[in-house]
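fold the following for me, if possible:
(one chain, ligands or ions: 1)
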Amino acid sequence: MTELRDGEIPETRRALGRAFQTLGREHGFEPLTTEGTIPKELRGTFYRNGPALYELFGRPYVHYFDGDGAISAFRFRDGRVEGAVRVTETPDLTEERRAGRALYGSGFTKGPLWRKRVFARAKNPTNIHVLAIGRKLWAMPEMGVPIAIDPETLSTRGPDPFGGVLRQMTNAHCRTDPESGVTYTSGLSMEMSMTTSLHVYAFDASGAARHLTSVPLGGFVVMLHDFALTKRWLVFVAHPVRVRLLPVIFGLSAPAEPMQWRPELGSEVLLVERAPPHRVTRFRMDTFFHFHFANAFDRDDGTVVTDVCAYDTMDAPEVMNVIDARSGRAWVRGAKSRLDRITLDPARMKGDRETIASEVVDFPTTAARAQTHDYRYVYPMLTREHRDLVAKLDVQTGDVEVGDLGRWRCPGEASFVPRDGATGEDDGWLLTLAYDAERHRSGVAILDAARIGEGAIGWAWMEQHVPFPIHGCFVPG
Ligand SMILES: [Fe+2]
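Next up is the predicted model:
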């Protein structure tokens, strides 16, 4: 990567800053302007979630993650595309809108009133992911209660603790076994003793949830954002992130402010068996940090292969503050991740990590059918020369192919959509919600996954920008 002078911010990163402006317009499904080829076989809805309001009644949020979330959706049918975007009306946001002023803090933003701050009473903006099963759609928070969304209108139905089975808080990510169709997600609960338990949930095809098992973690774990799935295991890795609780309890800090990186404590692997009685194998390995698994699978010798976007250290959380996201400085300062393969050996209680490709990658996705299997392709966002590209990474060879959407266009996380009757793992399309800095608007780019080097084959453009999204999914149909 080209070296920067001290304090220099590349023009590509400065241009991206406007993607972090508050969402200007909400609307239900309306026809979008298209360019290029929109394949007629591409049928279904592409959902994204992400922070959308960066200030409320004149009070700015401190951090990218603090913004009230919005769901955006893009419906593909017969070569046409309709788009919609709506802010998720959490109960706290509704209360604030009725009061006509900001009442709550968020993860890194202190609340204006003492009584709303103590015991970590803050708004959870439900802005990280979506979970879609059957005819149900939820906006997913990190460490909060999911919010049910009407998939046809994107209007907010309200908090839904999975029909009552949720034990306190869900984590953001879910995984689906492509053969059984069972979707899993996880969550945390915090006991009065200031210890944390991990909970695992499974959903049937209608979206009905069961609580599968609880795992006392024996300490205060604050983040288990994502997990990996194999035929035998759910794979979690808890990194040495600690929180000084007293400032949070007494309202002196916003809840996520006093996070500390304690590398000397090591990263802890938790393997939870999918089958009852859900035995747990746990052990420590060398410290690393990650948000996202790409995939995992079992080997015949009992070892477990997991591919992760690994960082050497956790960024100081303030790196992604809104001011630096808007100036572009956040990308200059942020830690860089690469795709590592970790082979976990439950019998010997050890994990070995090696790098598959040294490119800077995160937000990995795969074909749904590749999950839990020995596979070939990960499609992450890849950063080169201060720009983000769509990428296809062959985990068997380390080969990398990139799809460039244009100098002033920045992709987000991709979703893979298989072609009807697909036989090859890469026989399908990649969809990504991208920001065009020249025209300050957002659109869905469609790439042929077998030839992503050709760039986008088609676009569906909104009139306005959608603030930089985090995660989402594609629902066929
Ligand atoms: Fe994530």
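
contacts and neighbour counts: CA atoms only from here.
OK.

now the helices for the protein?
Here the chain has its helices, by DSSP state H, at 11-16, 91-99, 245-249, 322-327, 329-333.

lowest average confidence across those helices, which one?
Averaged per stretch, pLDDT over the helices of the chain is lowest on helix 245-249, reaching a mean of 74.

doesn't Arg282 make contact with Glu273?
No: between Glu273 and Arg282 no contact is recorded; they are 11.3 Å apart, counting by Cα atoms under 8 Å.

what sits against Asp298?
If a contact means Cα atoms under 8 Å, 6 or more residues apart in numbering, then Asp298 has Thr230, Lys231, Arg232, Val304, Val305, Thr372, His373, Asp374 as its contacts.

now for those residues, which pair is the farthest apart?
The most widely separated members of the contacts of Asp298 are Arg232 and Asp374, with 13.7 Å between them, by Cα to Cα.

and the strands in the stretch 351-477 of the chain?
Assigned by DSSP state E, counting those that start in this stretch, the strands in the stretch 351-477 of the chain fall at 360-365, 377-384, 387-394, 400-403, 409-410, 414-418, 428-436, 441-448, 458-461, 471-476.

partners of the first one in the sheet?
According to DSSP bridges, strand 360-365 has the following sheet partners: strand 377-384 (antiparallel).

now the partner strand: average pLDDT?
Predicted confidence along strand 377-384 averages 97 (mean pLDDT).

can you pull the contacts of Val269?
When contacts are taken as Cα under 8 Å, 6+ apart, Val269 is in contact with Val235, Phe236, Val237, Ala238, Thr281, Arg282, Phe283, Arg284, Met285.

and of those residues, the nearest to Arg407?
Val237 (36.0 Å).

what's the nearest residue to Asp324 if we skip its chain neighbours?
Sequence neighbours aside, Ala330 is the residue nearest to Asp324 in space, at 4.9 Å (criterion: Cα to Cα, 6 or more residues apart in numbering).

can you get me a residue count around the one you found?
Close neighbours of Ala330, defined as other Cα atoms under 10 Å, add up to 20.

which among the contacts of Val269 count as buried?
Under a neighbour-count criterion of 16 or more other Cα atoms under 10 Å, the subset of those counted as buried comprises Val235, Phe236, Val237, Ala238, Arg282, Phe283, Arg284, Met285.

from those residues, which is closest to Ser106?
Nearest to Ser106 among the buried ones among the contacts of Val269, counting by Cα to Cα, is Ala238 at 23.2 Å.

and that closest one, how far is that from Arg210?
In this structure, Ala238 lies at 23 Å from Arg210, with Cα to Cα, to the nearest Å as the measure.

hmm, back to that, just the buried residues from the contacts of Asp298, in PyMOL please.
The following PyMOL selection, which keeps only the buried ones among the contacts of Asp298, applies the criterion 16+ other Cα under 10 Å:
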select buried, resi 230+231+232+304+305+372+373
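
could you dump the contacts of Asp298 into CSV with distance to Ala139 and pLDDT added?
Supplementary listing: these in CSV, determined by distance: Cα to Cα, whole Å; pLDDT from 0 to 100:
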residue, distance to Ala139, pLDDT
Thr230, 25, 98
Lys231, 27, 98
Arg232, 28, 98
Val304, 31, 98
Val305, 30, 98
Thr372, 25, 98
His373, 28, 98
Asp374, 31, 98
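
how about the contacts of Asp298 in TSV, adding distance to Arg77?
Formatted as TSV, the entries for the contacts of Asp298 read as follows, by distance: Cα to Cα, whole Å:
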residue	distance to Arg77
Thr230	33
Lys231	34
Arg232	37
Val304	40
Val305	38
Thr372	30
His373	31
Asp374	33
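
only the buried residues of the helix or strand of the chain with the lowest mean pLDDT, if you could.
Least confident helix or strand, the chain: helix 245-249 with a mean of 74, by mean pLDDT, DSSP states H and E. Neighbour counts using 16+ other Cα under 10 Å place Leu245, Pro247, Val248, Ile249 of helix 245-249 among the buried residues.

same thing with stretch 348-360?
Buried residues in stretch 348-360, counted by 16+ other Cα under 10 Å: Lys350, Gly351, Arg353, Thr355, Ile356, Ala357, Glu359, Val360.

shaky segments in the stretch 101-250 of the chain?
119-120 (pLDDT under 70).

where do the strands sit along it?
For the stretch 101-250 of the chain, the strands defined by DSSP E, counting those that start in this stretch cover 129-133, 136-140, 147-149, 156-159, 169-176, 183-190, 196-203, 209-216, 228-229, 233-238, 241-243.

can you tell me which of the ones you listed is most buried?
strand 228-229 (a mean of 28; mean count of other Cα atoms under 10 Å).

hmm, back to that, any chance of the helices of the chain in a markdown table, with distance to Gly24 too?
Listed next are the helices of the chain as a markdown table, based on distance: least, Cα to Cα, whole Å:
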| stretch | distance to Gly24 |
| --- | --- |
| helix 11-16 | 16 |
| helix 91-99 | 16 |
| helix 245-249 | 33 |
| helix 322-327 | 16 |
| helix 329-333 | 23 |
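
so which of these gets nearest Ala256?
Evaluated over the helices of the chain, closeness to Ala256 peaks at helix 245-249, with 8.4 Å, by Cα to Cα.

which residues sit against stretch 78-91?
Applying Cα under 8 Å, 6+ apart, the set of residues contacting stretch 78-91 is 26-34, 37-43, 52, 68-76, 125-126, 139, 147, 149, 153-156, 158-159, 460, 462.

start to end distance for it?
The stretch stretch 78-91 measures 37 Å between its terminal residues, going by Cα to Cα.

turn the strands of the stretch 101-250 of the chain into TSV, columns for distance to Thr109.
As requested, the strands of the stretch 101-250 of the chain are exported to TSV (distance: least, Cα to Cα, whole Å):
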stretch	distance to Thr109
strand 129-133	21
strand 136-140	20
strand 147-149	21
strand 156-159	22
strand 169-176	20
strand 183-190	22
strand 196-203	24
strand 209-216	30
strand 228-229	31
strand 233-238	25
strand 241-243	16
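
which among the ones you listed is found nearest to Glu401?
Between Glu401 and those, the shortest separation by Cα to Cα is 24.4 Å, and it involves strand 228-229.

thank you kindly, that will do.
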